[in-house]
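Student: return a 3D structure for these sequence lines:
(one chain, ligands or ions: 1)
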Amino acid sequence: MYLPQEIIRRKRNNEILTTEEIQWFVRGIYDESVTEGQIGAFAMAVYFKGMTIDERIALTLAMRDSGRILDWSDLNGPIVDKHSTGGVGDVVSLMLGPMVAACGGYVPMISGRGLGHTGGTLDKFESIPGYDPFPNNDNFRRIVKDVGVAIIGQTGDLAPADKRFYGIRDVTATVESIDLITASILSKKLAAGLDALVMDVKVGHGAFMPNYEASKALAQSIVNVANGAGTKTTALLTDMNQVLARSAGNAVEMREAVKYLSGEYRDAAVHEVTMALCAEMLVSAKLAANLEQAHEKLQAVLDNGKALEVFSKMVGALGGPNDFVEKMESYLPQAPLKLTLNAPQAGYIASVKTRDLGLAVVQLGGGRSRADQKVDHAVGLDKIVKPGEYLEKGEPLLEIHVRDQAQYDSVKDAVLSSFSFSEQKPEAIKSVYETVTG
Ligand code: URA
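Tutor: As a prediction, this is how the structure comes out:
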């Protein structure tokens, strides 16, 4: 038996908590015997004093164990997933799950909704009519087993301690703690029963972390804690100084993802990041001997249509149309107006304020400003130019998909001022910066 105020005091005084103290406190978070005020104070103490790696592992495992842990021992293949810290135009998950499944992995991907200026995989899949991201547990298991991948939403029984803890952190200015972010992300991922995990930690203007060092520190923390908790994990630091895809929104990104899988259109940065993350997953899951072999396998499932076929089967299995891939345009919602915003001057695109473009999508209704809001799947940005590309004055910068002219007018200036121009060609932006291993 412990006293919550003593645990908080010890952390506040920079002492190291025992595993038993952490387990006790986490139990108090989900059985509600510890008050909101105490949880907020605990979070603030951790925010300022930090945690050792052992404390972080104990916190992660205690939060993981607060709910159900999925068991996939009936499957004869590796269980593998990717998690991203969130980006703008980050379409990767939509293709990655099917690509890795087509190479022999099992991918039970539990995805989230948009957060702040970033988009959410779950919202993107909900732009497909009939797609049900909340199947019952038996169906979820059956689809992962039969198709190899199911991309679904978070259910309340996985790491429920994180749900209460995160809600309190959100209103006590304690989200931005690497220790707490690590435990929050990993408790949910480890509850999914993974053999291997690859983290995509974003870097740059549209990233969640404020600078490269902080992104790297988060990547290192997640890799150390996840491996310490027994799940083989690596992290890639990838770029968010531009919108990753050519589109940002929900239906617009779904369209781009299907075009990627079918080979109709593959943006170079999207391809590089998707292949790098998938390859890392195949190697971690021992489905490829090395990255080179992984790239060959992945290219093969893109070229022979297998990845697209897996995507199509998953959509059908989760309630979407069986011919979604063939008749995508007739199923995806279209915005009534697609207005082009033109370059006000000639020049190279020097930089893009990715975060501001993400916020413009939220403002259009493609994301939320309150958790209970519904998302408009049709609106968004498309055909976005990227840094390093040259435009003559009056050439299109991007298309804005809106409900009406007033909506366009409400975001136009912010979107325009997200782009800066230069007479000189800027240095090319790298898509993948580095790999962090344990
Ligand atoms: N995403 C999470 O799931 N948890 C955090 O703490 C931050 C981002």
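Student: next one: phi and psi at the closest residue to Y2 other than its chain neighbours?
Tutor: Closest residue to Y2 apart from its sequence neighbours, by C-beta to C-beta, 6 or more residues apart in numbering: W24 at 4.9 Å. The C-beta positions use only the backbone N, C-alpha and C, and glycine is treated the same way. Backbone torsions for W24, taken as degrees, to the nearest 10, come to phi -60, psi -40.
Student: can you check the one 3 residues further on too?
Tutor: Geometry field for R27 lists phi and psi as phi -60, psi -40, criterion degrees, to the nearest 10.
Student: mind listing what it touches?
Tutor: Residues in contact with R27 (C-beta atoms under 8 Å, 6 or more residues apart in numbering) are 33, 62, 66.
Student: could you export the residues you listed to TSV, including columns for neighbour count, distance to S221 and pLDDT?
Tutor: Output for those, formatted as TSV (neighbours: other C-beta atoms under 10 Å; distance: C-beta to C-beta, whole Å; pLDDT from 0 to 100):
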residue	neighbour count	distance to S221	pLDDT
S33	12	28	97
A62	23	17	98
S66	24	20	97
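Student: once you drop chain neighbours, what's closest to V432?
Tutor: Nearest residue to V432 in three dimensions, chain neighbours excluded: A276, at 4.8 Å (C-beta to C-beta, 6+ apart).
Student: and for the one you found, the neighbour number?
Tutor: By the measure other C-beta atoms under 10 Å, the count of residues near A276 is 21.
Student: that one against L236, yeah?
Tutor: Yes. Assessed by C-beta atoms under 8 Å, A276 is found in contact with L236 at 5.9 Å.
Student: common neighbours of these two, please.
Tutor: Listed as contacting both A276 and L236 by C-beta under 8 Å, 6+ apart are V432.
Student: okay, the residue of the chain found nearest the ligand and E21: tell me how far apart.
Tutor: Residue of the chain nearest the ligand, by C-beta to the nearest ligand atom: S184 (3.4 Å). S184 sits 19 Å away from E21, going by C-beta to C-beta, to the nearest Å.
Student: more neighbours: the two, which one.
Tutor: S184 (22 against 19).
Student: need the contact list for that one.
Tutor: 63, 162, 165-166, 169.
Student: next, the buried residues of the helix or strand where it lies.
Tutor: For S184, the element it lies in under DSSP states H and E is helix 178-191. Neighbour-count burial for helix 178-191 flags 178-191 (criterion: 16 or more other C-beta atoms under 10 Å).
Student: check which helix or strand the residue nearest to V432 maps to.
Tutor: Assigned by DSSP H and E, A276 falls in helix 268-284.
Student: give me the residue at the spatial middle of this structure.
Tutor: Centroid check for the chain by C-alpha atoms, centre = their mean gives S84 as the closest residue, at 3.6 Å.
Student: surely that one touches D200?
Tutor: Yes. The criterion here is C-beta under 8 Å, and S84 meets it with D200 at 4.0 Å.
Student: shared neighbours of those two, anything?
Tutor: Counting by C-beta under 8 Å, 6+ apart, the contacts common to S84 and D200 are 90, 92.
Student: for the protein, which residues are neighbours of the ligand?
Tutor: 166, 175, 180-181, 184-185 (C-beta under 6 Å from any ligand atom).
Student: now the angle between helix 178-191 and the helix or strand of the chain with the lowest mean pLDDT, please.
Tutor: The helix or strand of the chain with the lowest confidence, counting by mean pLDDT, DSSP states H and E, is helix 160-170 at a mean of 93. Using axes from the mean of the first three to the mean of the last three C-alpha atoms, to 10 degrees, the inter-axis angle of helix 160-170 relative to helix 178-191 is 150 degrees.
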